Structure formats: structure tokens, C-alpha cells
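In: predicted model and sequence follow; I will ask about them next.
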Amino acid sequence: MHILIVHDQQIPVSGYGGTERVIWGLAKSLNSLGHQVTFLVPAGSSCPFASVLNWNPQLPLNDQIPEYIDVVHLNQLPQESLSKPYVVTIHGNLNSDTLLDKNAIFVSQNHALRYGSNSFVHNGLDWSDYGKPNLKLSRNHFHFLGKAAWRVKNVQGAIDTVLMSPSETLAVLGGTRLNLKMGFRMTWSPRITFYGTVGGQQKLDLLSQSKGLIFPVRWHEPFGLAITESLYFGCPIFATPYGSLPELVTSEVGYLSNNHQELSQAILSADDFNRNDCHAYARDVFDALTMAKKYIKAYENVLNGQFLNEEIPRIMDGNIPKFLPWS
């Protein structure tokens, strides 16, 4: 079949670009399985294994879908009724006023269930883009990976967890020492190092030398690419039990608690986790090829005239607090 993947950001990714990495790996895997892929993305994009069309946000989407396309894969909710069979991946948490779609696909089972759906596909990545990690490297810090300016990501919780330990250090990937977006917030401790938004080899090096990911989010995380990326580099996960995390983080590869004292105690035993097991779990379960095969089943369903959800998904509990408990 010929799949059109629609996204509102350029490819290939230039920085972190979580969704861009997912759809890149998806297209590459679909291509390897014998399918044709075309991207409809903003001007300036390119791809060596798929055709690229320039998306114009000023024009109706239907006018930009070529006749030869069999199925459309959207990564944002459609603003019009489409003439072609389609699916739409819901990548984030949407508010209760957002009208979803009967062909919505969520990125974890928990994500789907919170909207009354059973339609989900776990995110996968093309691990060849990351190289084969050296799991025998010495580990000298923990890391936080995410948009630290988002309060739900709780970088302060990660900092507090590390500082409660006798001497552990933390590399913050995705934040700065002085943060003015949430008022004046300055982290003084020399045990916390900030790297800003990192990508490329610097990011891979930092993950390769990390003892583990500290990820104390205070919302229901839809998926969390930081989790699977960290696991791939042999890093166990120390996080809160919210959203997809109990689904992704088994006791063999991490520890979950919403209490920073418990997490601080747990990180002292980071070396007890088997780094090879962490790596193999991410490599074999959260890879782009596994993801692509599941999306193909969804494409086949909509091509056969089926909806992926019997009813339009809607948020099941609109009373979830903005910040989930953390102590």
C-alpha cells in the first residue's frame, strides 16, 4: 500500500524532535516491509527513503492528498472530513473540550484507556540511528531528560531526589540552571549540571555514561520516549507511577514511586539492575519495525471500512488535578 504520513514539523529532526523521530522510523520500517511512503510535511524537509511533498497549512488537506495514496496517517487531529481512509495518532494529553476522532490511535494502553479507547500502538524508534551502545562504560551520573520548563515534568523532583543522596550527581538534558519561565528559579548545587536542549553525539554520550534516568513526572505521561531511549543505553528508570510508566517500566528495569525519599534510596541500588536486560528490552520491544507492523493492521482496518473506535474517544475523568501527587 501507499501511505501518506502528515506532520506539521520538518524532517529529518534537527534537535530532539520526539514525534519526528517516531514517524521517521515508522516510514523507514514501512519501506523495508515493501510499502511505499510519502511525507506531507513543511517545506525544507527531505528523506532518502520516502517521497516528500510540501504541506501548505493555508490549503485544505484534501487538496494536498495525491490520488495514488491508499491511506493517510495524520499526527494531528483533522480539521476537515477526509476523502481517503485515514488514521490519526494522538501523541499528547488533550483537554476535555477537544473532540477526538473514531480513527484515533493512542501511544500507550493507559493513554487510550483514559479516553475510553482500546486503540493504541506503542512508540518505536529506529535504533540504528542511535548506534550500538557500549554497556561496559563507567557510569558517573544520573540524568533527567525532558522539557524542564514544563512543570509536569518535575525537574525539581529529580534534583531533590539526587541531592538527598550522599553524593550522586545529575545531568539535566533539556533545562537550564536559571529558569525564568516559572518565576525566578536558580539551581545552585554543583552536583547538578545543566546541558540545555541536547541532541546528536553529545546526547548519546551523556546517556551512555548515565547510571539511570530520574523521571518523576506529575502528569499521566502518554508514552515517554525518554524512557525507551534511556533503557536502550542500559539505564534503569526511577520514576513516578503515572500514565504509561507502570506499563513500560517493569521491576526488572526500574523502580516507581511518587516519594522522593523512596526514589533517592532506590537510586543507590542502580547498579543492581542488569544493563544488558534494559538495553535488550528497549531494542526488542520498542523498535520501529514492531511499531510499523501494528500500524499496518490499523491501516488495513480503515481500508476495509472499519473504524478503530466504536465511539468517538473522550476523556473519561475530567477531574484529574493539574499536578499529580509528589512528596
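Out: Yes, it's here. Residues are numbered from 1 along each chain as shown.
In: tell me the domain boundaries of this structure?
Out: Following automatic domain parsing, one finds the domains of the chain at 2-126+289-303, 128-284.
In: measure residue 188 to residue 194 for me?
Out: Going from residue 188 to residue 194 by Cβ to Cβ, to the nearest Å gives 12 Å. Yep, even glycine has a C-beta here, placed from its N, CA and C like the rest.
In: neighbour count for these two, which is higher?
Out: Each of residue 188 and residue 194 has its neighbours counted (other Cβ atoms under 10 Å); residue 194 has more, 18 against 7.
In: phi, psi for residue 93 please.
Out: The phi/psi pair for residue 93 (degrees, to the nearest 10) reads phi -90, psi 130.
In: got it, and residue 33?
Out: Dihedral angles for residue 33 - degrees, to the nearest 10 - are phi -90, psi 0.
In: surely it and residue 291 touch.
Out: No - Residue 33 is not in contact with residue 291 according to Cβ atoms under 8 Å; the separation is 11.5 Å.
In: of these two, which one has the most company?
Out: Set residue 33 next to residue 291 and count neighbours by other Cβ under 10 Å: residue 291 wins out with 22 against 11.
In: now do the contacts for the closest residue in space to that one that isn't next to it in sequence.
Out: The spatially closest residue to residue 291, leaving aside those adjacent along the chain, is residue 124, at 3.2 Å (Cβ to Cβ, 6 or more residues apart in numbering). Contact analysis of residue 124 by Cβ atoms under 8 Å, 6 or more residues apart in numbering lists 22, 25, 26, 29, 286, 287, 288, 289, 290, 291, 292.
In: report the buried members of these.
Out: 22, 25, 26, 29, 286, 287, 288, 289, 291, 292 (16 or more other Cβ atoms under 10 Å).
In: nearest to residue 57 among those residues?
Out: Each of those was checked against residue 57 using Cβ to Cβ; the closest is residue 22, at 21.0 Å.
In: what helix or strand is that closest one on?
Out: helix 18-32 (DSSP states H and E).
In: which residues sit against that helix?
Out: 3, 5, 7, 9-13, 37, 39, 47, 49-50, 73, 75, 91, 123-126, 129, 225, 287-289, 291-292, 295-296.
In: for it, C-alpha coordinates in CSV please.
Out: Extracted C-alpha coordinates of helix 18-32, given in CSV (Å, rounded to 0.1, in the frame of the first residue of the first chain):
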residue,chain,number,x,y,z
GLY,A,18,10.3,13.1,19.6
THR,A,19,7.4,12.8,17.1
GLU,A,20,9.7,13.4,14.2
ARG,A,21,11.9,10.5,15.2
VAL,A,22,8.9,8.2,15.6
ILE,A,23,7.5,8.9,12.1
TRP,A,24,10.9,8.8,10.6
GLY,A,25,11.5,5.3,12.0
LEU,A,26,7.9,4.3,11.0
ALA,A,27,8.4,5.3,7.4
LYS,A,28,11.7,3.6,7.2
SER,A,29,10.3,0.4,8.5
LEU,A,30,7.2,0.5,6.3
ASN,A,31,9.5,0.9,3.4
SER,A,32,11.5,-2.1,4.4
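In: next one: it to chain centre, how far?
Out: 13 Å (Cα atoms, centre = their mean, to the nearest Å).
In: next helix or strand past it?
Out: strand 36-41.
In: who does the very next helix or strand once past that next one touch, helix- and strand-wise?
Out: As assigned by DSSP H and E, the chain's next helix or strand after strand 36-41 is strand 51-54. Contact here means 3 or more Cβ pairs under 8 Å, 6 or more residues apart in numbering; DSSP states H and E; on that basis strand 51-54 packs against strand 36-41.
In: so which elements touch the strand it packs on?
Out: Under the contact criterion of 3+ Cβ pairs under 8 Å, 6+ apart, strand 36-41 touches strand 2-6, helix 18-32, strand 51-54.
In: nearest to residue 308, of these?
Out: Among these, the nearest to residue 308 by Cβ to Cβ is strand 2-6 (15.4 Å).
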